[in-house]
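[1] need coordinates for the below:
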Amino acid sequence: MPLDPPPRDDNGDVIPHDDAGIEAADGVIRRVSRHLVVDDPKTGGKRLSTMAFQASTGQNGGLSIDLQRLIEEAGLDAKKFVLSPPWIGAVRFTAGALRSEGLKIGCDPTPNNPSHGQAWGDFTKKLRNRLLVLAEWFVPLHSK
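    Next up, the predicted model:
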């Protein structure tokens, strides 16, 4: 079911909000670009950086996400959808898990991505570390 249009300020920017139409079990996907992957000296491999969970700058800046349900309701394969270049992988949360960390989850559709949303809150280093633990690979890096 489509979500209601998000609230906007006088400039047309989306106002941080917690959309009741996004259910606790709904998938929230964060795309991963190459610069968000770092060497892991403990394993000798690669790992996701906490910078993957850094909010955008600006007054209403949040963490850019994709809403899995909206992608799938559009008849698209979510795993393919989130890998358009320059993205090399993606992690997934449930909306409920992010809300339990104090974040608001809302839609923020763009002309090229009607499933785009944002997570808003205080992305402290502690929260970003916690999100690293909670994140589940939706499209692992080696799947590209």
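
[2] and the longest helix for the protein?
    Longest helix in the chain, counting residues (DSSP state H): helix 125-134.

[3] so for that helix, mean pLDDT?
    The pLDDT scores in helix 125-134 average 95.

[4] would you mind measuring from G45 to V37?
    Per CB to CB, to the nearest Å, G45 is found 10 Å from V37. To be clear about C-beta, it is placed using only N, CA and C from the backbone, and glycine gets the same treatment.

[5] the more surrounded of the two?
    A side-by-side neighbour count of G45 and V37, using other CB atoms under 10 Å, places V37 first with 18 against 10.

[6] could you pull out the strands for the protein?
    27-33, 37-40, 45-48, 63-67, 87-94, 104-107, 116-120, 136-139 (DSSP state E).

[7] closest to G21 out of these?
    With CB to CB as the measure, strand 104-107 is the member of those nearest G21 (8.0 Å).

[8] could I get the CA-only coordinates of that closest one as PDB?
    Output of strand 104-107 as PDB, limited to C-alpha atoms (Å, rounded to 0.1, in the frame of the first residue of the first chain):
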ATOM      1  CA  LYS A 104      12.400   8.100  13.100                       C
ATOM      2  CA  ILE A 105      11.700   6.300   9.700                       C
ATOM      3  CA  GLY A 106       9.900   8.100   6.900                       C
ATOM      4  CA  CYS A 107       9.500   8.300   3.200                       C
END
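
[9] neighbouring strands - and their directions - for that strand?
    strand 116-120 (antiparallel) (DSSP bridges).

[10] show me what the partner strand is in contact with.
    14, 16-17, 19, 22, 28, 55, 60, 62-67, 98, 103-110 (CB atoms under 8 Å, 6 or more residues apart in numbering).

[11] now do the contacts for the residue lying closest to R34 once chain neighbours are set aside.
    Among residues not flanking R34 along the chain, I88 sits closest, at 5.6 Å (CB to CB, 6 or more residues apart in numbering). Taking CB under 8 Å, 6+ apart as the contact definition, I88 lies against 32-34, 37, 141, 144.

[12] sorry, back to before: buried subset of the contacts of strand 116-120?
    Among these, those classed as buried by 16 or more other CB atoms under 10 Å are 14, 16-17, 19, 22, 28, 55, 60, 62-67, 98, 103-109.
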